[in-house]
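K.L.:
Can you look at this prediction? I've put the sequence above it.
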Amino acid sequence: MRPVLYTLNPADLRGAIKKGSKTLARLWEVIRKDGLIQRFTNFDRDIEVPGFGLFISTPSFSPQAIMNTTGVGISNTEVKFVFTSDESTGFIERDVVAGLYDNAKFSIHVVDWEHPEYGTMALMYGNIGNVSWSNDGTGSFTCSGILSSGDKYLGELYSPSCRADLFDNRCKLPVTGFSWSDSVSVGGSNMVFQFINGDTNLVEGVLNGGTIVFDSINAANAAAAMEILSHTITGVDNHIITLILPLPREIQVVDNFIAYAGCDKRRETCKGKFNNLVNFRGEPWVPGSDATINYPI
């Protein structure tokens, strides 16, 4: 993401902004998880900004006002959109469902459309947060500024299940030994597929609750990720994977992917499946709130 501020003729652009010029247009750039860069404008025709790129005019999306607070408050905005059939003019439903916009980088700029050679001024840049869509073909992104990365809750509550995420810096379990790179042997569905793997550590059920991530280049569902509902084995080393939700496109034979083991965050799983009890971050024996009211009347 390029936080481009003033380029070429900053004084001219500042002057236009101070005067409240009616020739100002908003530019919006997003960099998806698969690396695709999309650039749009709310102006009624395309705008070519020297040194920056071409911004496509499209009625399919509508960025809302940017909300700011005094001090070090987090800026945020919302983008409402209508699904299109071409990623060059908007957002495609299958790409949104596949998670390609989850935590994607974005920036919002202002430009004088009569004089794009003045350059741009960045209004906001950060990451896309919540993504939602409905059956009527519309959706929205909630976008937060870069300060949102520091908006973390400090402290933890007791819980019977582990509060760490598998492979994170608290779990400390290495990915090596619990992930498998392979390719699809039987496809044709967007929810169920098969692959052949003779690794003796890849026993039935080890991928239950895990995640599958498809290759960003050589796969029909490029860069798509989905949780695994079930993992079974039939015959000789023939693994059958059922996903928790359907992918946007049919899974094709020889699609490449990486499958990661799943963890249900129970103490028994941490000990028996991963042999990682020393890093278990739960308190299964601490009485819960039900214990405080469990007394005879």
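P.N.:
Looks like it came in fine.
K.L.:
Distance of the nearest residue to N256 once chain neighbours are set aside relative to V254?
P.N.:
Distances taken as Cβ to Cβ, 6 or more residues apart in numbering put D215 closest to N256, at 3.8 Å, once the chain neighbours are dropped. The way it works is simple: take the backbone N, C-alpha and C, and place the C-beta from them, glycine included. To V254, D215 is 10 Å away according to Cβ to Cβ, to the nearest Å.
K.L.:
Repeat that for M124.
P.N.:
Using Cβ to Cβ, M124 is found at 42 Å from V254.
K.L.:
Which one of those two is surrounded by more residues?
P.N.:
Neighbour tally, M124 and V254, criterion other Cβ atoms under 10 Å: the higher count belongs to M124, 21 against 10.
K.L.:
so the more buried one sits in a strand?
P.N.:
Yes: for M124, which was evaluated using DSSP: H, G, I helix; E, B strand; the rest coil, the result is membership in a strand.
K.L.:
mind starting the numbering at 58 from now?
P.N.:
Right, with 58 as the first residue, what we last looked at is M181.
K.L.:
and it, bridged to which residues?
P.N.:
I165 (DSSP bridges).
K.L.:
which ones are touching Q95?
P.N.:
For Q95, the contacting residues are E86, V87, R89, E144, S145, by Cβ atoms under 8 Å, 6 or more residues apart in numbering.
K.L.:
tell me which of those is nearest to W342?
P.N.:
When the contacts of Q95 are compared for distance to W342 (Cβ to Cβ), R89 comes out closest, at 44.7 Å.
K.L.:
And the closest one, its phi and psi?
P.N.:
Backbone torsions of R89, given as degrees, to the nearest 10, read phi -70, psi 170.
K.L.:
For it, list the residues it contacts.
P.N.:
For R89, the contacting residues are Q95, D152, L157, Y158, A161, A280, taking Cβ under 8 Å, 6+ apart as the criterion.
K.L.:
Touching, the fifth one and W85? I think so.
P.N.:
Translated: A161. No: using Cβ atoms under 8 Å, A161 makes no contact with W85, being 11.9 Å away.
K.L.:
re earlier: distance to A316 and secondary structure for the contacts of R89 - can I get that in a markdown table?
P.N.:
Formatted as a markdown table, these follow (distance: Cβ to Cβ, whole Å; DSSP: H, G, I helix; E, B strand; the rest coil):
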| residue | distance to A316 | secondary structure |
| --- | --- | --- |
| Q95 | 29 | strand |
| D152 | 22 | helix |
| L157 | 19 | coil |
| Y158 | 23 | coil |
| A161 | 24 | coil |
| A280 | 15 | coil |
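K.L.:
quick check, nearest of those to V106?
P.N.:
Distance ranking of the contacts of R89 against V106, using Cβ to Cβ, places Q95 first at 14.7 Å.
K.L.:
re the thing from before, show the buried residues in the contacts of Q95.
P.N.:
By neighbour count, with 16 or more other Cβ atoms under 10 Å, the contacts of Q95 hold E86, V87, R89 as buried.
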